[in-house]
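> Got a predicted model here, sequence first, then my questions.
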Amino acid sequence: MNLTALQTFLAIIETGSLVRASERLNVTQSTVTARLKSLEDEIGQVLITRQKSGAVMTAAGGRLKRYAETMTDLWRQAQQETALPAGLSGMCNIGCHPDLWTGLGQRLFDHVRHRQPSVALSIWQGGAGELSGWLRDGLIDISLTFQPAPMGNQSVHALPLDRLILVATDADRPTHFDPGYVYVEAGEEFGRQHAATYANAGTARLNFGSATLGLAHLLAHGGSAYLPERMCRVEFQKQSLFRINAPEFTRRAFVVVNEREAADWPWLVDALAEIT
């Protein structure tokens with residue numbers, strides 16, 4: 001299968017037009033058309049239909065899209081790793097949930113960066129489903145996630161429990177019925193415990209699916225929210241956030257490791273010890 005044809009197929013999907021795909025790839029529209037036809041002939045299915053609204057994937061195109069993305073990503077990664085400059089012995093690809101970077105992913109990254117100068121590092125940010133897929137497809141070697149889905153060649157290491165504490169931009173903010181309270185998603189168990197603890201408090205007007213976004217909102221607009229303690233330490237020192245005396249909750253996160261890659265990394269035990 002021609003990699004250029006796959007890249008062209010993805011460009012058509014992303015731009016929604018053969019014309020715009022040709023502009024992005026800096027080739028003629030006839031070249032884009034020829035590459036698409038070649039791919040469709042090889043697959044034996046129509047992948048793209050042209051409508052007034054633009055280029056639209058068929059069902060077969062939708063099935064191919066995920067594999068095309070994985071193959072092109074793997075090719076870029078292979079190019080990157082095989083082109084490592086002199087003095088670098090290998091590459092470690094780390095995937096991290098955005099809410100696990102502060103105080104965890106950053107510490108792991110810094111540990112490897114400082115103590116293994118011959119190892120090149122790549123960081124990927126994504127949700128639980130993306131991280132699981134990237135690890136399965138070999139795009140990342142280590143995943144920091146809230147929802148591990150290990151396969152046969154992967155090991156799971158529990159991270160210390162995250163302490164979820166009520167913080168606010170004013171030290172005297174109320175623990176109940178705060179009009180500036182923001183609900184920050186932190187998993188199903190947190191949701192159940194939070195609902196039981198604040199059964200009479202009503203529903204928060206603002207909801208965020210990420211602690212990172214919730215923290216940014218508080219700092220920009222004020223209010224209160226439950227956030228991981230590790231994310232708030234710098235803000236406590238600056239007194240831009242204050243801890244409120246209220247019930248605490250916890251949440252578990254994990255590191256998942258591709259053991260095939262880790263077999264060549266004698267330094268990984270010390271690196272994981274830095275965060276576990």
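Noted; the coordinates are in hand. Numbering: from 1, shown residues only.
> Need the per-residue pLDDT for Glu42.
Per-residue pLDDT puts Glu42 at 88.
> burial count for it?
11 (other C-beta atoms under 10 Å). (Each C-beta comes from the backbone N, C-alpha and C, glycine too.)
> The one 4 residues further on too?
Neighbours of Val46 under the rule other C-beta under 10 Å: 14.
> how close does Ile13 get to Ser30?
19 Å (C-beta to C-beta, to the nearest Å).
> and what of Glu185?
49 Å.
> neighbour count winner among the two?
Between Glu185 and Ser30, Glu185 has the larger neighbour count (other C-beta under 10 Å), namely 16 against 10.
> can I assume the more buried one is in contact with Gly209?
Yes. Between Glu185 and Gly209 there is a contact under C-beta atoms under 8 Å: 4.7 Å.
> Could you list the domains of the protein?
Listed domain ranges for the chain are 3-81, 84-160+253-273, 162-251 (source: automatic domain parsing).
> Mean pLDDT lowest where, among the ones you listed?
domain 3-81 (a mean of 85).
> Just give the number of residues close to Ile140.
By other C-beta under 10 Å, neighbour count at Ile140 equals 26.
> name the element it belongs to?
Under the criterion DSSP states H and E, no helix or strand holds Ile140.
> give me every residue that touches it.
Asn93, Ile94, Gly95, Trp124, Leu131, Trp134, Asn258 (C-beta atoms under 8 Å, 6 or more residues apart in numbering).
> ok, of those, which one's closest to Glu40?
Closest approach between those and Glu40, by C-beta to C-beta: Trp134, at 27.8 Å.
> check contacts around the closest one.
Taking C-beta under 8 Å, 6+ apart as the test, what Trp134 contacts is Gly95, Trp124, Gly126, Ile140, Ser143.
> any idea how far the third one lies from Ser17?
Here the distance between Gly126 and Ser17 works out to 28 Å (C-beta to C-beta).
> And the second one, by the same measure?
Relative to Ser17, Trp124 is positioned 29 Å away (C-beta to C-beta).
> sorry, back to before: rebuild the contacts of Ile140 as a markdown table, extending it with distance to Arg35.
Below are the contacts of Ile140 laid out as a markdown table (distance: C-beta to C-beta, whole Å):
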| residue | distance to Arg35 |
| --- | --- |
| Asn93 | 29 |
| Ile94 | 34 |
| Gly95 | 31 |
| Trp124 | 28 |
| Leu131 | 32 |
| Trp134 | 27 |
| Asn258 | 33 |
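> Among those, which lie within strands?
Judged by DSSP state E, strands contain the following of the contacts of Ile140: Asn93, Ile94, Gly95, Trp124, Asn258.
> Farthest pair within those residues?
Put simply, by C-beta to C-beta the two of the ones in strands among the contacts of Ile140 set farthest apart are Trp124 and Asn258, 13.1 Å from each other.
> Of these two, which one has the most company?
Between Trp124 and Asn258, Asn258 has the larger neighbour count (other C-beta under 10 Å), namely 20 against 17.
> Thanks again, I'm all set now.
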